[in-house]
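Colleague: sequence first, predicted coordinates after that:
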Amino acid sequence: MKLGLQLGYWGAAPPADAPALIAAANDAGFSAVSTAESWGSDAFTPLAWWGALAPDLRLTTSVVQLAARTPAACAMHALTLDHLSGGRFTLGLGVSGPQVVEGWYGQPFEKPLARTREYVRIVRDVLARAEPVRNEGPHLPLPYQGPGSTGLGKPLRSITHPLRADLPIWLGAEGPRNVALAGEIADGWIAVFHSLRLAGLYEEWLGEGLARPGARRTRADFEVVANCQVTVTESDDERRAAVEFLKHVQAHYIGGMGARDVNFHANLFRRMGFDAAVDEITARFRAGDRAGAAGAVPDELVDEIAVIGDEAHVRAGIAAREAAGVSMLLVGCRTVEQIEALGRIVGSASPATGLSRN
């Protein structure tokens, strides 16, 4: 199992201790450092700023939102960071949801799978630099010829030669069709929340995509990257505090990260079997009772998507996810001590080789 340090998207302010955390992850044998975006901080700038602090780590986004920038602009970010990092960058992409896409970015949300397919194709064409980039698809036409067009648009090829034409692309996905699409057109899948009880379904969905004509990867070389809060605790009180903190986080995702009837995170927890809890959390959150919404999150739900406990419990939880097909856990450690503890736990599982950084 590989570990990645998830620095996520920022809240009201940037994390003050990021440089120390990144240095600790680099020294502890972590494989990657990852950033994300929602509707505040962006994902690319922190990696460009912090990347030099982590000379042994992959730099990944998990995720950048498709609607935030055109595919050509996204490819420019990717090829630039790949050059600056000496080939350590991995591009993680995600659609987000209609509230963000239409409410924040002012872009249409319709047909997200078809739009994703076109987007990834254009990014790969930019990186291949085989010829001037064109796209005849209906969602992201290049050159643009829609309303307001001058008709003067010209297909272009990147001035800068990308360092790697096959720069890895991961897709963040939650539903069966999106996960299958990741298996078909991407090099890896980012699970926003990974559930062991759904592991068999995940493999079916991925297998469908990996079996499609023209799929890029086989299951053997396809990466499954799971966001997972992993916390080593030394007492029941510590464990209880960590669980309660995550209940507030999950109440926000379930009750507030989407519309009442269109919330992909809520749908995922329904697939896990938490229908009644999702209904109550949503009702309380939307009524303004955030504390009540957090209180309605069952301990079982937290335990399904996180690993919190003593070293033996954490070791077993990580092993179970590795057995379920996860190749990297993105962990949101916020102290150097937690990073060092996880490095020891995962490193000791393979004493001959330690952690892989690849």
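Modeller: Sure thing, it's come through. Residues are numbered from 1 along each chain as shown.

Colleague: so which residue is dead centre in this protein?
Modeller: By CA atoms, centre = their mean, the chain has its centre lying nearest to residue 62, at 3.1 Å.

Colleague: all helices of the stretch 51-200 of the chain, in order?
Modeller: 71-84, 98-103, 112-128, 176-185, 199-210 (DSSP state H, counting those that start in this stretch).

Colleague: relative to the whole chain's centre, how far out is stretch 163-173?
Modeller: Taking CA atoms, centre = their mean, to the nearest Å, one finds the center of stretch 163-173 at 13 Å from the center of the full chain.

Colleague: what's it in contact with?
Modeller: Stretch 163-173 has contacts (CB atoms under 8 Å, 6 or more residues apart in numbering) with 60, 62-63, 78-79, 82-83, 86-87, 89-95, 116, 120, 123-124, 127-129, 178-179, 181-182, 185-192, 223, 225. Yep, even glycine has a C-beta here, placed from its N, CA and C like the rest.

Colleague: pretty sure the residue nearest to the centre of the chain is touching residue 225, no?
Modeller: Yes. Under the criterion of CB atoms under 8 Å, residue 62 makes contact with residue 225 at 6.9 Å.

Colleague: any common contacting residues for those two?
Modeller: Counting by CB under 8 Å, 6+ apart, the shared contacts of residue 62 and residue 225 are 4, 92, 170, 190, 330.

Colleague: return the closest of those residues with respect to residue 286.
Modeller: For residue 286, the closest of the shared contacts of residue 62 and residue 225 turns out to be residue 190, at 27.5 Å, with distances computed as CB to CB.

Colleague: pretty sure the closest one is touching residue 227, no?
Modeller: Yes. Residue 190 sits in contact with residue 227 when judged by CB under 8 Å, with a separation of 7.2 Å.

Colleague: what touches both of these two?
Modeller: Overlap between the neighbourhoods of residue 190 and residue 227 consists of 62, 330, taking contacts as CB under 8 Å, 6+ apart.

Colleague: the two - which one has more neighbours?
Modeller: Neighbour tally, residue 190 and residue 227, criterion other CB atoms under 10 Å: the higher count belongs to residue 190, 28 against 22.

Colleague: measure the residue nearest to the more buried one when sequence neighbours are not counted to residue 215 for me?
Modeller: If you skip the residues right next to it in sequence, residue 190 has residue 172 as its closest partner in space, 4.1 Å away by CB to CB, 6 or more residues apart in numbering. As defined by CB to CB, to the nearest Å, residue 172 lies at a distance of 18 Å from residue 215.

Colleague: swap in residue 326?
Modeller: 20 Å.

Colleague: more neighbours: those two, which one.
Modeller: residue 326 (23 against 15).

Colleague: look up phi and psi at the more buried one.
Modeller: Dihedral pair for residue 326: phi -80, psi 130, per degrees, to the nearest 10.

Colleague: could I get the contacting residues of it?
Modeller: By CB under 8 Å, 6+ apart, the residues touching residue 326 are 1, 191, 194, 224-226.

Colleague: looking at those residues, which are in strands?
Modeller: Cross-referencing the contacts of residue 326 against strands under DSSP state E gives 191, 224-226.

Colleague: the longest helix along the chain packs against which elements?
Modeller: When secondary structure is assigned using DSSP state H, the longest helix within the chain turns out to be helix 236-256. When contacts are defined as 3 or more CB pairs under 8 Å, 6 or more residues apart in numbering; DSSP states H and E, helix 236-256 packs onto strand 229-232, helix 264-271, helix 275-286, helix 290-295, helix 299-305, strand 306-309.

Colleague: could you export these as CSV, including mean neighbour count and mean pLDDT?
Modeller: Rendered in CSV, the data for the helices and strands packed on helix 236-256 read as follows (neighbours: other CB atoms under 10 Å; pLDDT from 0 to 100):
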stretch, mean neighbour count, mean pLDDT
strand 229-232, 23, 95
helix 264-271, 19, 88
helix 275-286, 18, 94
helix 290-295, 17, 95
helix 299-305, 17, 95
strand 306-309, 22, 96
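
Colleague: looking at those, which is closest to residue 137?
Modeller: Among these, the nearest to residue 137 by CB to CB is helix 264-271 (23.5 Å).

Colleague: which residues are in contact with the nearest residue to residue 28 once chain neighbours are set aside?
Modeller: Leaving aside its chain neighbours, residue 28 sits nearest to residue 343 (2.9 Å; criterion: CB to CB, 6+ apart). Residues counted as contacts of residue 343 (CB under 8 Å, 6+ apart) are 3, 25, 27-30, 355.

Colleague: residue 343: which element?
Modeller: Taking DSSP states H and E as the criterion, the element that holds residue 343 is helix 336-348.

Colleague: now find how far off-centre that helix is within its chain.
Modeller: Taking CA atoms, centre = their mean, one finds helix 336-348 lying 22 Å from the centre of the chain it belongs to.

Colleague: pLDDT (mean, whole number) over that helix?
Modeller: When the per-residue pLDDT values of helix 336-348 are averaged, the result is 92.

Colleague: hmm, which two among the contacts of residue 326 are most spread apart?
Modeller: So for the contacts of residue 326, where distance means CB to CB, the most widely separated pair is 1 and 191, at 14.0 Å.

Colleague: so between the two, which is more surrounded?
Modeller: Relative neighbour count places residue 191 above the other of residue 1 and residue 191, with 25 against 18, counting by other CB under 10 Å.

Colleague: all set now, cheers.
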